[in-house]
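K.L.:
sequence plus the predicted model coming up.
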Amino acid sequence: MPELNQSLYNASYESLTEANVPEYLADAVSRIVATDEPDVPNLGRNDIDIELCCEAVISAISSDDWETD
């Protein structure tokens, strides 16, 4: 497993929680994003990783605080 990029994890977690993504999901997805492997197909993500990322996006856009500019 690749090393976790802590600054990427922190930025992802902060952005997701600010978008009202539940903390448990924001943590899981931030760990996935912070360990992406750019030289591997699908960034090294498995089907469960991809599903969790999709759930986070859906959660964020379903939030009452969602703004479009």
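P.N.:
Noted; the coordinates are in hand. All values derive from a computational prediction rather than experimental measurement.
K.L.:
centroid-nearest residue for this protein?
P.N.:
Centroid-nearest residue in the chain: residue 29, 3.3 Å away (criterion: Cα atoms, centre = their mean).
K.L.:
what's in contact with the biggest helix by length in the chain?
P.N.:
Ranked by residue count under DSSP state H, the longest helix found in the chain is helix 47-62. Applying Cβ atoms under 8 Å, 6 or more residues apart in numbering, the contact partners of helix 47-62 are 16, 19-22, 25-26, 28-29, 32-33, 42, 45, 66. To be clear about C-beta, it is placed using only N, CA and C from the backbone, and glycine gets the same treatment.
K.L.:
okay if I get those residues as TSV plus secondary structure and distance to residue 7?
P.N.:
Formatted as TSV, the entries for the contacts of helix 47-62 read as follows, by DSSP: H, G, I helix; E, B strand; the rest coil; distance: Cβ to Cβ, whole Å:
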residue	secondary structure	distance to residue 7
16	helix	15
19	coil	19
20	coil	23
21	coil	19
22	coil	22
25	helix	20
26	helix	16
28	helix	18
29	helix	16
32	helix	15
33	helix	11
42	helix	23
45	coil	20
66	coil	25
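K.L.:
just to revisit the earlier point, what is the mean pLDDT for the longest helix of the chain?
P.N.:
This predicted structure assigns helix 47-62 an average pLDDT of 95.
K.L.:
buried set for that helix?
P.N.:
Burial within helix 47-62, assessed by neighbour count using 16 or more other Cβ atoms under 10 Å, is assigned to 49, 52-53, 56, 59-60.
K.L.:
next, format the residues you listed as TSV and append distance to residue 3.
P.N.:
Conversion of those to TSV gives the following (distance: Cβ to Cβ, whole Å):
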residue	distance to residue 3
49	17
52	20
53	20
56	22
59	27
60	26
